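>>> my questions concern the predicted model and sequence given below.
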Amino acid sequence: MDDVVVVGGGIIGAATAYFLSKEGRKVRVIERDPTYKKASFPLSLGGFRRQFFQKENINLGKFALEFISNISNTLKTKDNPNPTASMVPNGYLLLFGPEHAQKQYEALKNHKACEAGTKNIPASKLKEIFSWINPEGLETATYTDSKIEGWIDPHMFHNALKNKAIELGAKFEKGNIEKINDIKAKTIVSAAGCWTKELLDDIPVVPQKHTVFRVKCPKHYPDMPLTGDLPSGVYWRPEGKEYLAGSPNSKFDAPDLEPEWNDFEELVWPALAKRVPEFEELKLTGGWAGYYDCNTLDNNAIVGKHPKYENVFMATGFTGRGLMQAPGIGRGLTELIMTGKYQTIDLSSFDLDRIFAKQKRTEPYVL
Ligand SMILES: Cc1cc2nc3c(=O)[nH]c(=O)nc-3n(C[C@H](O)[C@H](O)[C@H](O)COP(=O)(O)OP(=O)(O)OC[C@H]3O[C@@H](n4cnc5c(N)ncnc54)[C@H](O)[C@@H]3O)c2cc1C
């Protein structure tokens with residue numbers, strides 16, 4: 001019998017394998033596609049932030065920065081002595097119209113309680129800080145400018161976690177697990193992302209297709225933060241000399257990962273040009289689509305022990321934030337498995353009892 005089997009070698013599987021291996025567990029990670037062609041993490045935007053409503057999500061975002069900032073020490077290996085995640089700490093800027101403002105004022109109390117280090121300004125003052133913005137229709141905005149939010153390269157981060165886990169003894173193997181009961185191990189961790197329902201059919205997590213466009217513009221602002229325009233649902237950030245922009249549209253039951261090209265002209269470009277008038281001159285240069293691991297109950301993570309099994313733990317349902325939450329989730333699951341309870345960030349509000357009781361704990365900040 002194996003000690004630990006992790007199903008899925010994506011970012012959650014790799015982070016969990018790393019933390020469990022550090023505790024001396026013998027971990028096998030079973031991944032059906034080691035090229036990760038359709039996995040969510042390589043298709044993500046790489047963003048990490050602490051601007052959330054719920055305290056757990058704020059604290060997971062804070063830990064993401066702490067962890068990523070230290071990987072040159074913690075994840076260095078013989079073969080990779082200088083691991084990096086290519087962090088770009090440009091910050092986040094979230095823009096709220098009157099329809100979202102009240103909720104945001106409540107969120108700010110949680111930011112304060114968690115010492116998140118965010119700043120809030122009325123929309124009328126936005127141009128003093130972000131000269132490129134058209135604040136029309138906005139009421140308020142929250143941002144960071146102290147290098148505590150930004151984005152990373154998801155591939156490099158995954159590689160560093162995986163290589164360190166392997167150095168600590170974990171084995172990554174190619175394989176497709178059809179049923180959770182096929183695994184014989186003391187501890188099983190399901191980290192199957194948006195495909196979790198195939199293994200555990202009582203978990204309400206499904207693939208939700210999201211499209212990202214690559215665009216170029218004669219005017220480039222390399223210092224621009226990752227900006228989320230809540231009224232339109234469009235978000236964007238610089239990428240090298242270009243920009244990436246996410247569509248607010250999403251699709252369940254999408255048969256393939258062909259980008260929804262129509263979204264660009266119909267939704268994304270108009271929203272970008274409204275908010276940043278210089279984006280009127282954009283040119284589309286490319287794009288891709290990926291699946292969010294969408295928790296259809298409340299858009300929030302599902303983490304913990306599955307109550308119907310003796311030895312099955314799981315983490316999924318991150319709905320657009322699994323990359324940044326991976327370090328905190330990997331650490332938290334390891335604490336739960338090793339000691340029976342969380343020792344650092346209390347993740348018990350993400351447990352499966354709420355799912356089966358259909359008690360929503362909605363995180364409103366889905367971008
Ligand atoms: C367009 C887009 C933008 C995003 N932007 C961000 C962002 O800016 N910041 C952020 O934090 N998050 C973002 N996300 C979300 C993030 O990518 C996901 O939440 C995260 O990757 C989930 O990690 P995971 O390891 O659970 O899933 P995945 O990365 O999908 O990995 C799961 C793995 O499990 C394997 N697997 C599944 N079933 C089985 C099985 N039965 N047997 C063997 N292997 C199996 C799959 O092949 C896959 O490799 C974005 C996602 C998309 C699509």
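Yep, that arrived. Since the model is a prediction, treat every value here as computed from it, not as a measurement. Numbers count the residues shown, from 1 in each chain.
>>> all contacts plus neighbour counts: C-alpha atoms, from now on.
Noted.
>>> could you report the neighbour count for Asp223?
For Asp223, the count of nearby residues is 12 (other CA atoms under 10 Å).
>>> and the closest residue to it other than its chain neighbours, which of the three is it?
Residue nearest to Asp223 in three dimensions, not counting chain neighbours: Asn90, with 6.1 Å by CA to CA, 6 or more residues apart in numbering. With DSSP: H, G, I helix; E, B strand; the rest coil as the basis, the three-state label of Asn90 is coil.
>>> close to the ligand, is stretch 139-149?
No: between stretch 139-149 and the ligand, judged by CA under 6 Å from any ligand atom, nothing touches; the nearest distance is 11.0 Å.
>>> now that stretch - C-alpha only, CSV.
Extracted C-alpha coordinates of stretch 139-149, given in CSV (Å, rounded to 0.1, in the frame of the first residue of the first chain):
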residue,chain,number,x,y,z
GLU,A,139,-17.6,55.2,-7.3
THR,A,140,-14.6,53.8,-5.6
ALA,A,141,-11.3,51.9,-6.2
THR,A,142,-8.9,49.7,-4.1
TYR,A,143,-5.3,49.2,-5.0
THR,A,144,-1.9,48.3,-3.8
ASP,A,145,1.4,50.1,-4.6
SER,A,146,3.9,48.5,-2.3
LYS,A,147,4.8,45.4,-4.3
ILE,A,148,2.5,43.1,-2.4
GLU,A,149,0.3,42.0,-5.3
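>>> now it: average pLDDT?
Across stretch 139-149, pLDDT averages out at 98.
>>> so how far is Thr316 from Asn295?
8 Å (CA to CA, to the nearest Å).
>>> of the two, who's got more company?
Thr316 (28 against 23).
>>> ok, the more buried one - contacts?
191-194, 196, 205, 293, 295, 301-303, 322 (CA atoms under 8 Å, 6 or more residues apart in numbering).
>>> same thing with Lys164?
Going by CA under 8 Å, 6+ apart, Lys164 touches 18, 75-77.
>>> most surrounded residue in these?
In terms of neighbours by other CA under 10 Å, those top out with Tyr18 at 29 neighbours.
>>> so what pLDDT did that residue get?
98.
>>> again with Thr362
Reported pLDDT for Thr362: 88.
>>> repeat that for Ala254.
94.
>>> next, count neighbours for it.
When neighbours are counted by other CA under 10 Å, Ala254 comes out with 13.
>>> if we can go back for a sec, which neighbours do Asn295 and Thr316 share?
Overlap of the contact sets of Asn295 and Thr316 (by CA under 8 Å, 6+ apart) consists of 205, 301-302.
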